[in-house]
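K.L.:
I need the structure of the sequence given here:
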Amino acid sequence: MKFSDMPYSRVDIDALRASYAALTEKVKDAASAQDVADAVMEHEKLSGHAYTMFSLAHCRHTIDTRDEYYVAENDFCDETSPLLDEMMQQFLVSLVSSPYRTELEKRFGALLFVNIEMQLKCFDPAIVPQLQEENRLVSDYEKLVAGAQIEFDGKTLNLAQLSPYKESADREVRRGAYYAEGNYYMSVGDKLDELYDSLIRVRTDIAHKLGYKSFTEVAYLRLTRNSYGPADVERFRKQVVDEVVPIDKMLKKLQGERIGISDMKMYDDPFCFREGNPKPQGTSDEILAAGRRMYTEMSPQTAEFIDFMYKNELLDVLAKPGKAVGGYCTEFREFGAPFIFSNFNGTSGDVDVLTHEAGHAYEAYKTMGFEIAENSQPTMESCEVHSMSMEFFAWKWLDLFYGDETARAKFRHLEDALIFIPYGTMVDHFQHIMYDKPELTPAQRHETWAKLEKTYRPYMDFEEIPFYSAGRGWQRQHHIYSFPFYYIDYCLAQTVALMFWALSQNDYKDAWERYNKLVDCGGTKRFTELCAVAGLKSPFEEGCLRSTCETARSWLSHNA
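P.N.:
Have a look, this model is predicted:
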């Protein structure tokens with residue numbers, strides 16, 4: 001079914017509540033494991049419909065945040081999703097408490113029940129008002145940023161449309177773009193501080209009502225981190241500082257020499273080559289056509305997948321007024337379809353959408369037929385392995401997008417992967433501090449970010465750029481507001497993706513087969529187990545980053 005034809009209707013909360021009450025009783029009164037299994041399948045149908053409607057409302061709202069109908073529907077979903085969690089809770093409690101659990105684990109997998117128990121630990125009906133407030137605050141942040149109107153180059157631009165100027169070959173244009181962006185964020189700085197204050201407060205309140213010391217514990221449960229905890233992440237952070245940051249410092253020194261700038265500033269950071277950064281060649285339609293050809297040639301599975309996506313209007317990727325910033329992949333399970341959202345802006349980011357977000361969509365497409373939705377999607381760092389690894393598997397076809405700039409596009413992609421890991425780790429470290437110390441003032445938060453910058457990006461010179469030089473750079477990272485503690489997932493996944501890249505340099509077919517083994521598992525295995533399925537180290541293993549990043553650094557040295 002085409003996206004434009006997918007019917008949307010508000011979820012009937014009263015009917016849903018009655019259905020879940022009946023299902024709960026059905027599980028409690030079950031005379032056999034089959035009775036419980038039947039109830040589980042009814043739950044799949046109910047939740048599948050509700051989450052599909054929530055996703056449709058969200059997608060259509062983000063496509064045009066000015067559409068009053070979907071503004072109202074998105075607000076309704078923000079209010080309703082915590083109520084759905086409440087309705088499902090007793091059903092899930094009865095399921096994990098069922099005397100037939102052993103038999104059910106044989107059919108659905110034991111990990112499903114482990115994950116459900118983690119979900120139950122981060123929800124209680126008493127926190128529904130706080131969850132509704134949290135949703136509202138996140139939507140307020142997204143609307144605020146989506147509504148940016150920046151006067152630059154004689155035009156009125158949103159943040160996505162400003163991005164190409166930040167990579168201009170003209171240093172003064174880059175500088176001006178960063179100053180314009182910084183001035184915009186400073187103009188809403190008080191509101192950004194106020195929103196984060198409120199989010200810290202409400203999330204800490206949620207944690208205390210659930211009996212936890214801090215929201216950090218709740219966040220790890222929400223993200224179903226079933227194979228690692230904060231101590232593992234802390235060890236990973238240490239590896240990043242010890243192994244990756246020194247390499248990044250060297251790469252930035254070489255970048256300065258490459259572009260002929262001895263006093264590198266923040267606005268020089270994204271500018272990789274004296275002749276300009278590689279850009280996709282052709283119109284947006286031509287780039288989309290190149291993406292379709294790439295996946296058609298990559299494998300029979302990807303050919304089937306991309307044909308389905310294009311025929312059913314399952315990509316909305318052009319930047320336009322009123323459209324929310326960023327990019328994402330979601331799914332409409334009731335219609336058996338993934339969906340990709342982004343903002344093309346004429347930079348390499350356009351190709352990233354057709355590789356990164358398509359990696360998410362590819363996994364969703366391949367596992368859409370799983371009997372249980374919860375078994376189709378692994379935890380979030382594993383989902384990011386799907387996307388970040390697909391970016392590297394696309395290397396064989398980058399000439400379709402970049403033509404004679406392909407070599408530079410590969411160089412920049414690999415270099416960016418190494419540069420990103422410390423930044424992403426810093427985002428995570430910052431959040432651990434924020435929720436461990438919820439009493440910090442806005443000024444203290446900015447001071448904390450500035451201090452972390454010196455640890456993770458010691459090469460960065462912010463000059464006097466508004467916003468950034470004040471230690472406020474974290475406020476443009478929407479994950480900090482919208483998806484707390486999610487960002488380290490990108491870093492763990494990037495580490496795994498670099499391992500797939502290294503394998504693909506020696507034996508592409510073997511690397512692709514290992515990747516598909518991981519993808520085909522869906523969410524039936526934990527993150528560390530998925531790494532093992534593909535024959536890869538876990539990022540938490542000592543020395544993992546050292547060997548992986550050294551291989552990448554060596555490639556960059558030989559291809560500079």
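K.L.:
can we go C-alpha only for contacts and neighbour counts from here?
P.N.:
Will do.
K.L.:
torsion angles phi and psi at residue 123?
P.N.:
phi -140, psi 140 (degrees, to the nearest 10).
K.L.:
was I right to think it contacts residue 210?
P.N.:
Yes: the pair residue 123 / residue 210 is scored as a contact, 7.4 Å apart, by CA atoms under 8 Å.
K.L.:
these two: who's more crowded?
P.N.:
residue 123 (22 against 18; other CA atoms under 10 Å).
K.L.:
tell me the contacts of the more buried one?
P.N.:
Residue 123 makes contact with 85, 86, 89, 210, according to CA atoms under 8 Å, 6 or more residues apart in numbering.
K.L.:
run a quick neighbour tally on residue 11.
P.N.:
Neighbours of residue 11 (other CA under 10 Å): 19.
K.L.:
equivalent analysis for residue 231, please.
P.N.:
9.
K.L.:
that one is in what secondary structure piece?
P.N.:
Using DSSP states H and E, residue 231 sits in helix 230-239.
K.L.:
name the helices or strands packed onto the next helix or strand after that helix?
P.N.:
Once the chain leaves helix 230-239, the next helix or strand it forms, by DSSP H and E, is helix 245-259. Contact here means 3 or more CA pairs under 8 Å, 6 or more residues apart in numbering; DSSP states H and E; on that basis helix 245-259 packs against helix 406-436.
K.L.:
that older thread, kindly calculate the angle that the helix holding residue 231 makes with helix 245-259.
P.N.:
If you take axes from the mean of the first three to the mean of the last three CA atoms, to 10 degrees, helix 230-239 sits at 40 degrees to helix 245-259.
K.L.:
for helix 230-239, which positions count as buried?
P.N.:
233, 234, 236, 237, 239 (16 or more other CA atoms under 10 Å).
K.L.:
so what's the backbone phi/psi at residue 339?
P.N.:
Main-chain torsions, residue 339, degrees, to the nearest 10: phi -150, psi 140.
K.L.:
next one: it, what pLDDT does it get?
P.N.:
pLDDT, residue 339: 98.
K.L.:
check what pLDDT the closest residue to it other than its chain neighbours gets.
P.N.:
Leaving aside its sequence neighbours, residue 339 sits nearest to residue 314 (CA to CA, 6 or more residues apart in numbering; 4.8 Å). Residue 314 carries a pLDDT value of 97.
K.L.:
all helices of the stretch 151-300 of the chain, in order?
P.N.:
159-162, 171-187, 189-209, 215-222, 230-239, 245-259, 284-298, 300-311 (DSSP state H, counting those that start in this stretch).
K.L.:
distance to residue 9 and mean pLDDT for those - can I get that in JSON lines?
P.N.:
Output for these, formatted as JSON lines (distance: least, CA to CA, whole Å; pLDDT from 0 to 100):
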{"stretch": "helix 159-162", "distance to residue 9": "31", "mean pLDDT": "88"}
{"stretch": "helix 171-187", "distance to residue 9": "36", "mean pLDDT": "96"}
{"stretch": "helix 189-209", "distance to residue 9": "30", "mean pLDDT": "97"}
{"stretch": "helix 215-222", "distance to residue 9": "27", "mean pLDDT": "98"}
{"stretch": "helix 230-239", "distance to residue 9": "40", "mean pLDDT": "96"}
{"stretch": "helix 245-259", "distance to residue 9": "50", "mean pLDDT": "94"}
{"stretch": "helix 284-298", "distance to residue 9": "31", "mean pLDDT": "94"}
{"stretch": "helix 300-311", "distance to residue 9": "23", "mean pLDDT": "97"}
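K.L.:
just checking, residue 89 touches residue 120?
P.N.:
Yes: in terms of CA under 8 Å, residue 89 counts as a neighbour of residue 120; the distance is 6.8 Å.
K.L.:
how near is residue 224 to residue 523?
P.N.:
Residue 224 is 11 Å from residue 523, where distance means CA to CA, to the nearest Å.
K.L.:
neighbour count winner among those two?
P.N.:
The neighbour comparison of residue 224 against residue 523 (other CA under 10 Å) goes to residue 523, with 25 against 21.
K.L.:
go through stretch 158-174 and flag the buried ones.
P.N.:
158-169, 171, 173-174.
K.L.:
contacts for that stretch, please.
P.N.:
Taking CA under 8 Å, 6+ apart as the rule, stretch 158-174 contacts 146-150, 152, 175, 177-178, 181, 267-268, 270-271, 274-277, 319, 321, 325-326, 343, 345-347.
K.L.:
so where's the chain shaky on pLDDT?
P.N.:
Within the chain, not a single segment meets pLDDT under 70.
K.L.:
related to what we said a few turns ago, closest to residue 203 out of the buried residues of stretch 158-174?
P.N.:
The shortest approach to residue 203 among the buried residues of stretch 158-174 belongs to residue 159, at 27.9 Å (CA to CA).
K.L.:
so what sits against both of residue 224 and residue 523?
P.N.:
Counting by CA under 8 Å, 6+ apart, the residues touching both residue 224 and residue 523 are residue 379.
K.L.:
quick one, what contacts residue 522?
P.N.:
For residue 522, the contact set (CA under 8 Å, 6+ apart) comprises 363, 367, 375, 376, 377, 378.
K.L.:
would CSV of those with distance to residue 428, neighbour count and secondary structure be doable?
P.N.:
Converted to CSV, the contacts of residue 522 look like this (distance: CA to CA, whole Å; neighbours: other CA atoms under 10 Å; DSSP: H, G, I helix; E, B strand; the rest coil):
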residue, distance to residue 428, neighbour count, secondary structure
363, 26, 23, helix
367, 29, 21, helix
375, 27, 20, helix
376, 26, 21, coil
377, 22, 22, coil
378, 20, 21, coil
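K.L.:
need the max-distance pair from these.
P.N.:
Greatest spatial distance in these: 363 and 375, 12.2 Å, computed using CA to CA.
K.L.:
may I see the buried residues of stretch 360-380?
P.N.:
Across stretch 360-380, burial judged by 16+ other CA under 10 Å covers 360-368, 372-380.
K.L.:
quick one: contacts of it?
P.N.:
Against stretch 360-380 from outside (CA under 8 Å, 6+ apart): 41, 44, 48, 108, 112, 223-225, 302, 305, 329-331, 333, 336-340, 383-384, 386-387, 486, 489, 519-527.
K.L.:
roughly how far is stretch 101-121 from the heart of the chain?
P.N.:
Here stretch 101-121 is found 25 Å from its chain centre; the criterion is CA atoms, centre = their mean, to the nearest Å.
K.L.:
for that stretch, list every residue counted as buried.
P.N.:
Using 16+ other CA under 10 Å as the test for burial, stretch 101-121 gives 101, 103-104, 108, 110-113, 115-120.
K.L.:
possible to save the residues you listed as JSON lines with secondary structure?
P.N.:
Output for the buried residues of stretch 101-121, formatted as JSON lines (DSSP: H, G, I helix; E, B strand; the rest coil):
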{"residue": "101", "secondary structure": "helix"}
{"residue": "103", "secondary structure": "helix"}
{"residue": "104", "secondary structure": "helix"}
{"residue": "108", "secondary structure": "helix"}
{"residue": "110", "secondary structure": "helix"}
{"residue": "111", "secondary structure": "helix"}
{"residue": "112", "secondary structure": "helix"}
{"residue": "113", "secondary structure": "helix"}
{"residue": "115", "secondary structure": "helix"}
{"residue": "116", "secondary structure": "helix"}
{"residue": "117", "secondary structure": "helix"}
{"residue": "118", "secondary structure": "helix"}
{"residue": "119", "secondary structure": "helix"}
{"residue": "120", "secondary structure": "helix"}
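K.L.:
how about CSV for the residues you listed, with distance to residue 405 added?
P.N.:
As requested, the buried residues of stretch 101-121 are exported to CSV (distance: CA to CA, whole Å):
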residue, distance to residue 405
101, 57
103, 57
104, 54
108, 48
110, 49
111, 46
112, 46
113, 49
115, 45
116, 48
117, 50
118, 47
119, 47
120, 51
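K.L.:
check which helices and strands the helix or strand harbouring residue 52 sits against.
P.N.:
Element membership for residue 52 (DSSP H and E) is helix 33-63. Judged by 3+ CA pairs under 8 Å, 6+ apart, the packing partners of helix 33-63 are helix 13-28, helix 68-96, helix 101-108, strand 328-332.
K.L.:
out of those, which is closest to residue 466?
P.N.:
Among the helices and strands packed on helix 33-63, strand 328-332 sits nearest to residue 466 (CA to CA), with 28.5 Å.
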